[in-house]
Structures are given as C-alpha cells and as structure tokens.
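Chemist: can you look at this prediction? I've put the sequence above it.
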Amino acid sequence: MTFRRYLVLAFVTVSAPLGDTLLDIGMKKVGPVSLAHLTTLFHAVSTPWVASGIVLLIGFFASYLTALSWADLTFVLPATSFGNVIVALLARFWRHEQISLSRWMGILLITAAVGFVTRGPSYTEHEKPATALDIEKVCQ
C-alpha cells in the first residue's frame, strides 16, 4: 500500500463521521423538517452546517469509490466501520451527548468484530516495491 492509499482510507474513516456530526449540528439549528414542506428542506440544505456536512459526505463517497477501485470491500469496509468509534467520540466530547454503557459496549463489539474480519484472507493486491530492473524497463 502506498502512502496516498493510506491517506484515502484515513479520509474515508474521518469524513463520514465528521460530515454526519455537521449534519446533526445543522439540523438541530433548523428544527423539524417534513417532506410535506419542501421549502423547509431546501432551507436546511442551504445552512452552512448542513452544506458543510453534505460536502464532507460527498468527499467520503468519492474516496470510498476510489478505495473500492483498488481494494476488496472486506479491506475497505473496516476503515469505514471505525467511523462508529469516531462518531461516538464526536457526539460525546463535541456535542456533549450522553452515551450509555450499553452503547459503548456495542461500539466495542462492532470494532472487535471488524478486527476479526480484517484478519481474514484478502484478495487486495499489495504493491511490491519497484526494483531496478522494473525501473529500467519503464525507461526503455
């Protein structure tokens, strides 16, 4: 794996929880929205918090697609599932939400289960370092 690919996975991991948190902040400021009143929905989308959350989630989706183009789903999905931990931490320490012990235990179980999945076989090709012979072939 290259450094750039690790950056893509890091962005996948962080952008979804941060985008969701920004949507939460924005929608708490907007208040209840109904599909029967589409003007309220359009107003919600135009607020800075919600718009920022949408931009981050679009970035997440683009990065997720990028990662899936070069890696197995079973390799990429664990990176996104770690977002559950990040969401809980953002909710607790930024949004000051109370999180019950049973929710923390659920997050711990999900994270542990994902750890088991990542230890299984993967068909994702890992790049091997270029040799002098490979570089010579490219230069010819």
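Modeler: It's in. These figures come from a predicted structure and were not determined experimentally.

Chemist: so where's this protein uncertain?
Modeler: Counting by pLDDT under 70, the chain has low-confidence residues at 118-140.

Chemist: what comes into contact with the helix or strand hosting residue 62?
Modeler: With elements taken from DSSP states H and E, the one containing residue 62 is helix 48-70. Outside of helix 48-70, the residues within contact range by C-beta atoms under 8 Å, 6 or more residues apart in numbering are 5, 8-9, 11-12, 15-16, 18-27, 29-30, 44-45, 76, 79-80, 124-125. Glycine gets a C-beta too; all of them are placed from N, C-alpha and C.

Chemist: give me the buried entries from these.
Modeler: Restricting those to buried positions leaves 8-9, 11-12, 15-16, 18-27, 30, 44, 76, 79-80, with burial counted as 16 or more other C-beta atoms under 10 Å.

Chemist: in helices only, show me these.
Modeler: Mapping the buried ones among the contacts of helix 48-70 onto helices (DSSP state H) picks out 8-9, 11-12, 15-16, 18-27, 30, 44, 76, 79-80.

Chemist: mind saving the C-alpha coords of the helix holding residue 62 as CSV?
Modeler: Presented in CSV, the C-alpha positions along helix 48-70 are these (Å, rounded to 0.1, in the frame of the first residue of the first chain):
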residue,chain,number,x,y,z
PRO,A,48,-23.7,26.4,6.5
TRP,A,49,-23.5,23.4,8.9
VAL,A,50,-25.7,21.2,6.7
ALA,A,51,-24.0,22.3,3.5
SER,A,52,-20.5,21.5,5.0
GLY,A,53,-21.7,18.1,6.2
ILE,A,54,-23.0,17.4,2.6
VAL,A,55,-19.7,18.4,1.1
LEU,A,56,-17.8,16.1,3.5
LEU,A,57,-20.2,13.2,2.8
ILE,A,58,-19.7,13.8,-1.0
GLY,A,59,-15.9,13.7,-0.3
PHE,A,60,-16.4,10.5,1.7
PHE,A,61,-18.3,8.9,-1.1
ALA,A,62,-15.7,9.8,-3.7
SER,A,63,-12.9,8.5,-1.5
TYR,A,64,-14.9,5.3,-0.8
LEU,A,65,-15.4,4.7,-4.5
THR,A,66,-11.7,5.4,-5.1
ALA,A,67,-10.7,2.9,-2.4
LEU,A,68,-13.1,0.2,-3.8
SER,A,69,-11.5,0.6,-7.2
TRP,A,70,-8.2,-0.8,-5.9
